[in-house]
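Student: quick one: sequence plus predicted model below, questions after.
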Amino acid sequence: MIVRQLQEVEKTTRRVVSPDGNWESSRLLLKDDNMGFSFHITTIYAGADFNMHYQHHLESVYCISGEGEVETLVDNKKHAITPGTLYILDQHDKHTLRAVTEMKMACVFNPPLNGKEVHNAEGAYELS
Ligand code: 9YT
């Protein structure tokens, strides 16, 4: 069994701050743990408004705290995000995430991230 503590992970290189200034993510569980998925606690900063398109990954995002919205760009549907909301990018959906307040999210990626990824120009992560 592996046991990790968010407060400890935040002090290591597993905490990645996005160069675009929109988010930071503490990646508690990664590819080299061999679980088939990765698990992160991500903070989306208040006022962030940015596009993502995970062409190579599936992601589920659970809102622990904060408020915002996610919009799918294929149909321009907007979904409110409040504590308790889970959105599931099962179609590699191109989307916009907006944070009204700072949001704390629990994120799961399949395939797992190796830990160093930040978004490329399309808002995707490359496969490692
Ligand atoms: C919700 C979302 O995808 N935010 C971007 C960061 C990502 N969750 C990550 O790398 O942990």
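Tutor: Yep, that arrived. Residues are numbered from 1 along each chain as shown.

Student: who does the residue nearest to the spatial centre of the chain form a beta bridge with?
Tutor: The centroid of the chain falls nearest to Cys107 when counting by C-alpha atoms, centre = their mean (5.0 Å). Using DSSP bridges, the bridge partners assigned to Cys107 are His40, Val61.

Student: and it, how close does it get to Lys11?
Tutor: The gap separating Cys107 from Lys11 is 20 Å, by C-beta to C-beta, to the nearest Å. Quick note: C-beta positions are derived from backbone N, CA and C, even for glycine.

Student: so for stretch 72-85, mean pLDDT?
Tutor: When pLDDT is averaged along stretch 72-85, the result is 97.

Student: measure that stretch end to end?
Tutor: The straight-line separation of the ends of stretch 72-85 (C-alpha to C-alpha, to the nearest Å) is 15 Å.

Student: gap between it and the chain center?
Tutor: 15 Å (C-alpha atoms, centre = their mean, to the nearest Å).

Student: buried ones in it, by neighbour count?
Tutor: Applying a neighbour-count criterion of 16 or more other C-beta atoms under 10 Å, one finds Thr72, Ile81, Thr85 buried in stretch 72-85.

Student: go on, stretch 50-68?
Tutor: Judged by neighbour count using 16+ other C-beta under 10 Å, the buried positions of stretch 50-68 are 50, 52-54, 57-63, 66-68.

Student: now secondary structure and pLDDT too, for these, in TSV please.
Tutor: As requested, the buried residues of stretch 50-68 are arranged in TSV below (DSSP: H, G, I helix; E, B strand; the rest coil; pLDDT from 0 to 100):
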residue	secondary structure	pLDDT
Phe50	strand	97
Met52	strand	95
His53	coil	95
Tyr54	coil	94
His57	coil	95
Leu58	strand	97
Glu59	strand	98
Ser60	strand	98
Val61	strand	98
Tyr62	strand	98
Cys63	strand	98
Gly66	coil	98
Glu67	coil	98
Gly68	strand	98
